[in-house]
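*Asks:* Task: produce atomic coordinates for the following.
(2 chains)
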Amino acid sequence: MARFEAYENNGGTCVAVAGADYCVVAADTRLSVGYSILSRDSSKIAHLADKCVLASSGFQGDVKALQRNLAAKELLYEHNHNKKMSCPAMAQLLSNTLYYKRFFPYYAFNVLGGLDSEGKGCVFTYDAVGSYERTGYSAQGTGAALMMPVLDNQLKSPSPLLLPARDAVTPLSQSDAVDLVKDVFASATERDIYTGDKLEIVVINSAGSHREFIELRKD
Amino acid sequence: MRFGSDSDQDPWQQPMDGSHASGSKAVADGPGTQRTQYPYVTGSSIIALKYKDGVIMASDTGASYGSTLRYKSVERIKAVGKHSLIGASGEFSDFQEILRYLDELTLSDHMWDDGNSLGPKEVHSYLTRVMYNRRNKFDPLWNSLVIGGVKKGPKGEEKYLGMVNMIGTHFEENHIATGFGNHMAIPILRTEWREDMTFEEAVKLVEKCLLVLLYRDRSSINKFQIAKITTEGATIYPPYSLKTYWGFAAFENPAQGAVGSW
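*Replies:* Reported below is the predicted structural model:
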């Protein structure tokens, strides 16, 4: 007999890479459940503020609810403080928002990317209940296990144990970082059935933000 | 939901009028409320696609009680407001409740008397929130809903086709099929659908999908309804049957050519 399931996994992968003065945030646009593809063009990325972009995969219903909730909170912040929320502030807000639902969690795996108050690229990576860390790059979602080792290999972030703390941003140029992101998605699409169709890439830098799409395998 | 101590022994606990016995159909959650645990009367697939002048939607008129074909002539596609159509698969009574919500919504929108009216986008957005909020209460509306429509927007006439399921997953697409249709009809729609199809071509395509479903979905019946929504408004056509052919070799002897050990 059919039983009520409050969650489903709609798949998808999110990546963010931070550079000295830019940040790349990317996610595929496939929406699946089980072996079915529901949509080939469903965005996982929310532009929450000028210098703050969130990419989330997991259960799409929760992802949309979470992203709308954060967008509403950001708007209130804007009205109260007469400025846009910074990326590190949004990072803390996202953590609190996730933990607020600790015992009925948002089934959402988030990567938040943007520029910090000094204009440096930043990436925050989360689990579903809100624990988070600032890093130089990250991948989340169904293809994360395929992408993360490649990013580790190519970006060689300094150990977080080093003292004094070393900068986590990647040494790549902006266009090299975008090319790397395209490559890891093209590769993960080969083996992960939940990743594919199209790749949405958002680049944030001091000039503002730029969005582009590339096609991925559709099988 | 209640954890820990046995509620019968809590002196401050109101007596519950529902049963907690295993195998009961719904879980009591205090006096007077019951939450659906599984569907009773269900409708099968909805097929919908955009075409040149708007959106076409189709389904059969059956509703099953488990594997019993309980109702043979029910409308599972309805008009909402001036610009939208809604189609539902899943629990039929939940669909009727959703129609009551939509009646209330469109009435209160009409009463503003400001010349504005809700379009398919707004109706879809509303239903998305209703479905998601009910799943958050663990009291879901057991349906997959398809919303189609046409409305004037900033870029002229805009066609809209979207779907939402019982837990709030939602999206827009050029063609949508729920339930079994997602497996059987979508491959046909992917190869044959075009943005500029005429209504006649769209009807042909939709009938092809319905026929495949009639052959392969045991809960579908040979009584179909087609509906369209254009700038002229919604039209729901009277039910009709498709011509079937059961003489295919695979239907005559389905086991032929199948290798088995017995």
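*Asks:* what number of residues lie near the residue in the stretch 51-200 of chain B that chain A sits nearest to?
*Replies:* For the stretch 51-200 of chain B and chain A, the shortest gap (CB to the nearest CB) falls at B:Gly168, measuring 3.3 Å. C-betas here are computed from N, CA, C, even on glycine. Residues near B:Gly168, counting by other CB atoms under 10 Å in any protein chain shown, number 25.
*Asks:* same thing with the one 4 residues further on?
*Replies:* By the criterion of other CB under 10 Å, B:Glu172 has 16 neighbours.
*Asks:* wait, isn't it in contact with B:Lys159?
*Replies:* No: counting by CB atoms under 8 Å, B:Glu172 does not reach B:Lys159; the two are 10.2 Å apart.
*Asks:* Quick one, grab the pLDDT at residue 109.
*Replies:* As the question left the chain open, I've gone with chain A. Looking at A:Phe109, its pLDDT reads 98.
*Asks:* wait, I meant chain B there
*Replies:* 97.
*Asks:* Confirm that it sits in a strand.
*Replies:* No: applying DSSP: H, G, I helix; E, B strand; the rest coil, one finds B:Asp109 to be helix, outside a strand.
*Asks:* Apart from its chain neighbours, what residue comes closest to it?
*Replies:* With sequence-adjacent residues excluded and distances taken as CB to CB, 6 or more residues apart in numbering or on different chains, B:Asp109 is closest to B:Leu118, at 5.1 Å.
*Asks:* List the residues that contact A:Pro88.
*Replies:* A:Asp116, A:Ser117, A:Cys122, A:Phe124, A:Arg134 (CB atoms under 8 Å, 6 or more residues apart in numbering or on different chains).
*Asks:* quick one: secondary structure of it?
*Replies:* On the three-state scheme (three-state DSSP), A:Pro88 is labelled helix.
*Asks:* Does chain B have contacts with stretch A:122-130?
*Replies:* No: between stretch A:122-130 and chain B, judged by CB under 8 Å from any CB of the partner chain, nothing touches; the nearest distance is 15.8 Å.
*Asks:* which outside residues touch that stretch?
*Replies:* A:16-18, A:23, A:58, A:87-88, A:91, A:94-99, A:101-102, A:105-116, A:132-138, A:140, A:169.
*Asks:* hey, where'd the strands end up in chain A?
*Replies:* For chain A, strands defined by DSSP state E occupy the ranges A:13-18, A:22-28, A:31-33, A:36-39, A:45-49, A:52-58, A:108-115, A:121-126, A:132-135, A:137-141, A:198-205, A:208-215.
*Asks:* could you dump these to a markdown table with mean neighbour count?
*Replies:* What follows is those, written out as a markdown table (neighbours: other CB atoms under 10 Å in any protein chain shown):
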| stretch | mean neighbour count |
| --- | --- |
| strand A:13-18 | 31 |
| strand A:22-28 | 29 |
| strand A:31-33 | 22 |
| strand A:36-39 | 18 |
| strand A:45-49 | 21 |
| strand A:52-58 | 29 |
| strand A:108-115 | 29 |
| strand A:121-126 | 25 |
| strand A:132-135 | 16 |
| strand A:137-141 | 28 |
| strand A:198-205 | 21 |
| strand A:208-215 | 13 |
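*Asks:* List the contacts of the residue of chain A found nearest chain B.
*Replies:* Across chain A, the shortest distance to chain B (CB to the nearest CB) belongs to A:Gly61, at 3.3 Å. By CB under 8 Å, 6+ apart, A:Gly61 lies in contact with B:Tyr132, B:Arg135, B:Ile167, B:Gly168, B:Thr169, B:His170.
*Asks:* any low-confidence regions in the chain?
*Replies:* If you meant another chain, say so; for now it's chain A. Scanning chain A for pLDDT under 70 picks out the ranges A:1.
*Asks:* wrong one, chain B
*Replies:* Counting by pLDDT under 70, chain B has low-confidence residues at B:1-34, B:36, B:262.
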